[in-house]
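Visitor: Give me a 3D structure for the following:
(chains A and B)
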Amino acid sequence: MDPKPPENAPVTRRQFLRNGARFLTMTGLGVAAGALATRSTAAAWVWQIDPARCLHCGNCATQCVLEQSAVKCVHAYALCGYCQLCTGFFTPEPNELTTAAENQLCPTAALKRAYVEDPYYEYTIDEQLCIGCAKCVEGCNRFGNGSLFLQIRHDRCLNCNECAIARSCPGAAFRRVPVTQPYLLKSANR
Amino acid sequence: MLRRLKFIAALGVMSLLALMLSAEQRFPTPDFDNGYRLPSASTPAARQLWLQYADAGVFLAALGIAVWLIYKKRSRRGLFWLSLFSLAYFGFYRKGCICPIGSPQNIVYGLFNPDYAVPVTVLIFCFAPIVAALFAGRAFCAGVCPQGALQDFVLIKPLAVPLWLEHALSVVPYMFLGAGLIYAGTGTGFVICRYDPFVPLFRLSGSIFILTFGAAFLLAGMFVGRPYCRFLCPYGGLLRLASLASKWRVRVTPDSCTQCRLCEQSCPFGAMREPAPAGTNPDRLGAERKRLAWLLALLPALVLGGAWAGSKLGPAAAQLDPAVALAERYTRQQSFPVQYGLMTPEALSLQRASGNPAEILAAAADLRRRFDLAALLFGGWIGLVIGLKLLALSVRQSRTDFEPDRGACVACARCFTACPNERVRLGWMPAADEPAPP
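Guide: Numbers count the residues shown, from 1 in each chain, chains lettered A, B, ... in the order given. A predicted model of the protein is given here:
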């Protein structure tokens, strides 16, 4: 704070310019903020994957800034056929239809297979293990119903201002969605 | 072999089924007899909205406390604790996003992309520190910015940066700002966020490149005070401009300067300026006026030259945009096909492009036009920045006291206790020991 100048001290040129610049900037900021406020939103944005555009490339597992990606596989149970030969679960040429490791497509055994009734099996995802590599999503989409798909899990996502996976997504499947509807889920009645 | 045949047969049956049921689901969800109920996928919520507003509230409060600490309390210790809090809260707890440094990109992105409305919290984060700087200087840098706090804490042996280097490097933030804004305006991405050296450290994860970048800045920050703030931070550049017009300024001494020069060495950021005689030297007046006139005449030439040079950069700048890059790869693929591996991102994106080449190429052409204009503006901006820097260097400054440069001072309050008058005011030293004014 400058010491108080005498009451009738003349305004120097620098002071005048400084005051002018300050008032102009304040006005400019006010106008900009006002103009933006009419177009702004009280809500915030979060990132999400549009499953219709996802190409299952595997970038989600490697490009996220988190060591274990915020993207995980999600299962739309209402779309699932509960197949015995699930092409999202088994490798293309399984030795037999069992949960033996060599038969499984998932590199971390995050996709669990449980018997429901003959000949149906339930497939669930262990999120602790899932790395978002989309191998199961690819298998399920290629030969099945596409009930397995990738979503950003918002309990993990840091909501970076610029999503590192979005930048390298070959399908341009990432987009900002309102925080009030943070998931783009697949549903049966489409 | 048998297994393979079985598998192929199974696939064949499945495809046949798929064909039959192509109108419906390929394998409809069964009706279970044993009362099995379909589970539903969990959808953990994003960070609550009220928490985001709470963040903005904490931010405004911290900004207010910083101003109070700098001007009323004149307390370095208080600022230290405030910046420690900011480092913990905005840095390691909130992981750096969203921060004011990147927020101008959101504003510009919002202006040019009708699909994106700027959230109110982002407006607060972007504008509040600038308004504060217009009245009280860089209070944000002093106590609220986690990136600044981190660099402040690692500073152990500040070395003076030669003035010529300091001035030369001080234009870099404005160039970075210009680059960040054109890439945000064209919707390519937020490069300022991409090359933030410290946010990956807050997250404790990131690519090797960016972590090395951050570590290099921290290492340099041990010997050069706040290297990112001074020589790269685009938002610091904005605040520097705003604080040039600030209503109040940070003063080393609480009342009058005794010209004892004790404060000279206290500033680790090269912001302290020594007194300059107010009177004009008639011998040099003519030469100085001439230089000023030449530089004023040079300014439009620099802007135009920059714009011309920038307009040549358009196509190269557009390469960074993924949509443009894809269109170019697609066009190249038509004449010189390259075999990309199965299921690689490159192959998949090319497949997507070949599905609707017209749309991809049209989008890329539109983006290239945007980039031509953006690069022209960027070049002009660079010319303007350099021209104004030269002008600022040749405008005579008159100072009677030792005082920090309005723009360069980050208001860290280190110099306050170097002043004997301040020590007397604080009661650390009897008034009798005070050096006599000259």
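
Visitor: Show me what A:V74 is bridged to.
Guide: A:F149 (DSSP bridges).

Visitor: can you count the residues close to it?
Guide: 24 (other CB atoms under 10 Å in any protein chain shown). C-beta here means a position set from N, CA and C on the backbone, and glycine is covered the same way.

Visitor: That one reaches A:H154, doesn't it?
Guide: No: using CB atoms under 8 Å as the test, A:V74 is too far from A:H154 to be in contact (11.9 Å).

Visitor: tell me what the helix or strand hosting B:A301 is packed against?
Guide: Secondary structure from DSSP states H and E places B:A301 in helix B:282-318. Judged by 3 or more CB pairs under 8 Å, 6 or more residues apart in numbering or on different chains; DSSP states H and E, helix B:282-318 is in contact with helix B:357-394.

Visitor: Following the helix it packs on in sequence, what is the next regular element?
Guide: strand B:403-404.

Visitor: wait, does the next helix or strand after that following strand contact chain A?
Guide: Next helix or strand after strand B:403-404 toward the C-terminus (DSSP H and E): helix B:420-426. No: judged by CB under 8 Å from any CB of the partner chain, helix B:420-426 makes no contact with chain A; its nearest approach is 12.5 Å.

Visitor: send the alpha carbons of helix B:420-426 over as PDB?
Guide: Below are the C-alpha coordinates for helix B:420-426, written out as PDB (Å, rounded to 0.1, in the frame of the first residue of the first chain):
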ATOM      1  CA  PRO B 420      15.300  -2.700   9.500                       C
ATOM      2  CA  ASN B 421      12.300  -0.500   9.700                       C
ATOM      3  CA  GLU B 422      10.100  -3.600   9.600                       C
ATOM      4  CA  ARG B 423      12.200  -5.100  12.300                       C
ATOM      5  CA  VAL B 424      11.700  -2.100  14.500                       C
ATOM      6  CA  ARG B 425       8.000  -2.200  13.800                       C
ATOM      7  CA  LEU B 426       7.900  -5.800  14.900                       C
END
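
Visitor: where along the chain do the strands fall?
Guide: Since no chain was named, I'll use chain A. Ranges of strands in chain A, per DSSP state E, are A:45-49, A:71-75, A:111-117, A:120-125, A:148-152, A:174-178.

Visitor: wait, I meant chain B there
Guide: Per DSSP E, chain B carries strands over the ranges B:272-273, B:403-404.

Visitor: Go through the ones you listed and name the closest to B:P234.
Guide: strand B:403-404 (21.6 Å; CB to CB).

Visitor: neighbouring strands for the closest one, and are they parallel or not?
Guide: Per DSSP bridges, strand B:403-404 is paired in its sheet with strand B:272-273 (antiparallel).

Visitor: Now the residue of chain A found nearest chain B: closest residue in space that isn't a chain neighbour?
Guide: Nearest residue of chain A to chain B, counting by CB to the nearest CB: A:G81, 2.7 Å away. Nearest residue to A:G81, sequence neighbours excluded (CB to CB, 6 or more residues apart in numbering or on different chains): B:F27, at 2.7 Å.

Visitor: quick revisit: any idea of the angle the helix holding B:A301 forms with helix B:357-394?
Guide: Per axes from the mean of the first three to the mean of the last three CA atoms, to 10 degrees, the angle that helix B:282-318 makes with helix B:357-394 is 170 degrees.
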